[in-house]
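Engineer: Need coordinates for the following:
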Amino acid sequence: MGDDNVSMYKDRQGTSISVERWGQLWEDKGYRVVAETRDGDLIIRTVWEGVAGSPVGVMYASGVSHDGGKTFRTRAQWAQTEPEAEQQHSEVLAQLSQLTGD
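Structural biologist: Residues are numbered from 1 along each chain as shown. Here you go, the predicted structure:
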């Protein structure tokens, strides 16, 4: 793997990392979860994915689970930085509040 692959993987601070380091961080749920909001079986979770510059990869994704975390449906994945990921999480919460009337 060449230098092109190294730049594709980024940590939460946006620093380029190797695929090996990405794998270590990705397995650490405490590292991956940026924000999580729970209400009974409803969970909204925003996670670091750490793949930038790829048509199939994203840096951060926000998903919703209606079954206590067994399955998640991605609702947003535009964030490129950790502050944007926190904003993305807030926006998904607001969208769900509008849908449910809360």
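Engineer: Surely V34 is in a helix?
Structural biologist: No. Counting by DSSP: H, G, I helix; E, B strand; the rest coil, V34 is not found in a helix; it is strand.
Engineer: Which pLDDT value belongs to it?
Structural biologist: pLDDT for V34: 98.
Engineer: Distance of R73 relative to V92?
Structural biologist: 11 Å (C-beta to C-beta, to the nearest Å). Every residue, glycine included, has its C-beta placed from N, CA and C.
Engineer: mind showing which ranges of this protein have poor pLDDT?
Structural biologist: Within the chain, the segments meeting pLDDT under 70 span 1-6, 100-102.
Engineer: quick revisit: what touches both of R73 and V92?
Structural biologist: Counting by C-beta atoms under 8 Å, 6 or more residues apart in numbering, the common neighbours of R73 and V92 are V64.
Engineer: Pull out the buried residues from the lengthiest helix in the chain.
Structural biologist: The longest helix of the chain (DSSP state H) is helix 82-100. Of the residues in helix 82-100, E82, A85, Q88, H89, V92, L93, L96 count as buried by neighbour count, 16 or more other C-beta atoms under 10 Å.
Engineer: dump the residue contacts of the most centrally placed residue in the chain.
Structural biologist: In the chain, the centroid-proximal residue (C-alpha atoms, centre = their mean) is V47; its distance is 2.6 Å. By C-beta under 8 Å, 6+ apart, the contact list for V47 reads R32, V33, V34, Y60, A61, S62, G63.
Engineer: and with 7 Å instead?
Structural biologist: R32, V33, V34, Y60, A61 (C-beta atoms under 7 Å, 6 or more residues apart in numbering).
Engineer: again, but for T37
Structural biologist: I44, L93.
Engineer: What helix or strand is it located in?
Structural biologist: Assigned by DSSP states H and E, T37 belongs to strand 33-39.
Engineer: can you pull out the helices in this structure?
Structural biologist: 3-8, 19-26, 29-32, 82-100.
Engineer: Same list (these) but as TSV, adding distance to G69.
Structural biologist: Converted to TSV, the helices of the chain look like this (distance: least, C-beta to C-beta, whole Å):
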stretch	distance to G69
helix 3-8	28
helix 19-26	18
helix 29-32	11
helix 82-100	16
